[in-house]
Structures are given as structure tokens and as C-alpha cells.
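1. Only the shape, not the letters, is given here:
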Ligand code: NCD
């Protein structure tokens, strides 16, 4: 097994072989999670603290379940109410928590880079559960596992990532991961929702859905992230759905066996047609949620192993 990372801050820092190691282990956890005994003790004796400075349903639940299934003591801290004071507050909170000797710290924060900053101040393993528009590594890993299981491989696929790219850490982490695994990524959406410098990303950019979806193996839809928009990025939701919302007619341009993905939470009738999202022959949205737990279990096991090794080495001088 090869997994050298000390923290899971972003896909940016992972090598292709580390991604494969993590996904292989996650496959084992999928099997375990489907069985009658969902419990192991690889994290027993360890303390996991989940610090969410931003609202989250599935990611927080998924990390909590993953830690509990691996036998860790899990504590959830809801930080949403204190998120107004950033900077100093974050570091102070980190130092306070660090003094309680956690082993795994799972952090979501509205500011890009905040989780990296925090990782420098603590001596446990830090997992980024989403920081601003920067990265959301476990989401990209669970998407990768979903794709690998549905398509039988994770290379040489054409993946169309569609919608609000500019505000999306999910898009960013996926773009990096899919690139590292040698897939062809297309970004599809209105020019107002493309990040600055998109021309330098090394992927094809489309503002027409039908052209962008042509022959794609995977169609990944993104939520319109209104909370990150500080002006008018789209004319109206109705117009947006008309041009960029995924429905059966637009999907017909993709490969006949193309899968439909969405990280959730979904705006039905805005970026995706509700019936299509529920179509189990095309949509793998529920599988994504299932893979999320397994991927987080794998990530925490691998980081915990590295942490234990590092501590043992330190203890032996
Ligand atoms: C995503 C997030 O929070 O970045 N959701 C998630 O983690 N499942 C995407 C989103 O909020 O649209």
C-alpha cells in the first residue's frame, strides 16, 4: 500500500498511486457497509473532531458515520454561529482543540485556504471537508469511486462538469483528480460562471450544453451556488434551466451509457430535471452518497496509520 500523505487537504497533494490505494481500500469498505456487521476497530482509541464552520448535511453525517463505523470517539462541533469572526478565532479554536489531543480533525470552512492554515497549527491529521472555492477532496474521491465502479475504469473517460464552475470546490477537486488519472475533462456552463483563467486549465470549455455533452461518458452537474454569488450571474432560474439544466433531451447528446452525477444538495428544476435525477438507470446520485462513507473510512484509516507510525518513530527518538 502506498499512501504517504500526512493530511488530506486537497487532491492537489495526492499522487495517482495514492488515489488508487485509497479507492481500493474504499471498495473493501463498501462491501463491509453492505453487510450485517458494519463495525471495525481500526480507529479504536482515537478521537475524531468534526468542525463545520459552514452548513452541511451529507458531508458531516458521512464523516460522523465513517468514524463511528471504524470505532473512533467522534465529536461534532457546530461552528456556524461563530463563523463571523474568522482569522484569529480559527487559530484560537484550533489551539484549544489541539490541547484536547484529537487524532483526526475534519474541517469545513467558508474561506479558501483556512483548512491548510489550521493544519499548520495542530499535531493531528486534518481532513478538508470543503474550504471556500478551493478544494473538497473527499467529494472528488467519492466521485472517482462512483465512476470507477460504474464504468469499470478511471482513465480515458470524457467527463463533462456542468454549471456553476466558478464557485465550486467540487469542480476544482474533480478537475485535478480526473486530470491526474488521465481523463478528458470538459467544463460546460455560461461564461459568467467560469472561473478566471479557465483557458489555462488545460481542458475544453463550452457554453453550449449540447455541444459540451456530445459523447460524454460522465455528466457531472453542479449546484447553482447562490450563497457565493455577489451579483447577477444568471438572467433567471427559468432561463438557466432552459439553457443549462440537464434533462433527457440534453442528456441524449452524451454517450448512450453516460451516467449522471450531482454532489448534492440538488436544486431540482434549476440545474437538473427531478425525474432524471431519480432515474436509477442513468443517475448514480444515491451511489455517490453511499461511496462517500466508504471513501471517508478509507481516508481516515490511511491517515491514522501514518499518524501512528510518525508518533511511534518520534517516541523511539
Ligand atoms: C458540495 C459542497 O458543499 O461543496 N456539497 C457537498 O459536499 N455534498 C456542493 C454544494 O454545496 O453545492
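-> Thanks, I have it. Keep in mind that what you see is a predicted model, and the values were worked out from it rather than measured.

2. and residue 305, what pLDDT?
-> pLDDT recorded at residue 305 is 97.

3. ditto for residue 233
-> 77.

4. With residue 81 instead?
-> Confidence for residue 81, expressed as pLDDT, is 58.

5. interface residues of the stretch 51-200 of the chain facing the ligand?
-> For the stretch 51-200 of the chain, the residues found near the ligand under the criterion C-beta under 6 Å from any ligand atom are 58-59, 130, 136, 139, 169-170. All C-beta spots, glycine's among them, are computed from the backbone N, C-alpha and C.

6. ok, 8 Å please
-> By C-beta under 8 Å from any ligand atom, the part of the stretch 51-200 of the chain that sits against the ligand consists of 54, 56, 58-59, 108, 129-130, 136, 139, 168-170.

7. Can you name the residue of this protein nearest to the ligand?
-> Residue nearest to the ligand within the chain (C-beta to the nearest ligand atom): residue 223, separated by 3.4 Å.

8. contacting residues for that residue?
-> Applying C-beta atoms under 8 Å, 6 or more residues apart in numbering, one finds that residue 223 lies in contact with 163-164, 168, 262-267, 271.

9. try 7 Å
-> 164, 265-267, 271 (C-beta atoms under 7 Å, 6 or more residues apart in numbering).

10. Can you give me the neighbour number for residue 173?
-> Burial measure for residue 173: 25 neighbouring residues, criterion other C-beta atoms under 10 Å.

11. from now on call the first residue 734
-> Yes, from this point I'll number from 734; that puts the last item at residue 906.

12. So it belongs to a helix, correct?
-> Yes - the assignment for residue 906 is a helix, going by DSSP: H, G, I helix; E, B strand; the rest coil.

13. need the contact list for it.
-> Going by C-beta under 7 Å, 6+ apart, residue 906 touches 743-744, 868-870, 872-873.

14. What does residue 973 show for phi and psi?
-> Main-chain torsions, residue 973, degrees, to the nearest 10: phi -60, psi -50.

15. Compare the contacts of residue 956 and tell me which is most surrounded.
-> Comparing the contacts of residue 956 by number of neighbours (other C-beta under 10 Å), residue 897 comes first, having 26 neighbours.

16. I'd say that one and residue 954 touch.
-> No - when contacts are counted by C-beta atoms under 7 Å, residue 897 is not listed as touching residue 954 (9.7 Å).

17. Which of the residues of the stretch 784-933 of the chain next to the ligand are buried, as a ChimeraX select command?
-> To isolate in ChimeraX the members of these that are buried, counting by 16 or more other C-beta atoms under 10 Å, one can use:
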select :787,789,792,841,862,863,869,872,901,902,903
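
18. Okay, and which of the residues of the stretch 784-933 of the chain next to the ligand map to helices?
-> With helices taken from DSSP state H, the overlap with these comprises 791-792, 872, 902-903.

19. Farthest pair within these?
-> Taking C-beta to C-beta, the two most distant members of these are 791 and 902; they sit 14.7 Å apart.

20. Mind listing what's buried along the helix or strand bottoming out on mean pLDDT in the chain?
-> Lowest by mean pLDDT, DSSP states H and E among the helices and strands of the chain is helix 821-832, with a mean of 83. Neighbour-count burial for helix 821-832 flags 823-824, 826-827, 830-831 (criterion: 16+ other C-beta under 10 Å).
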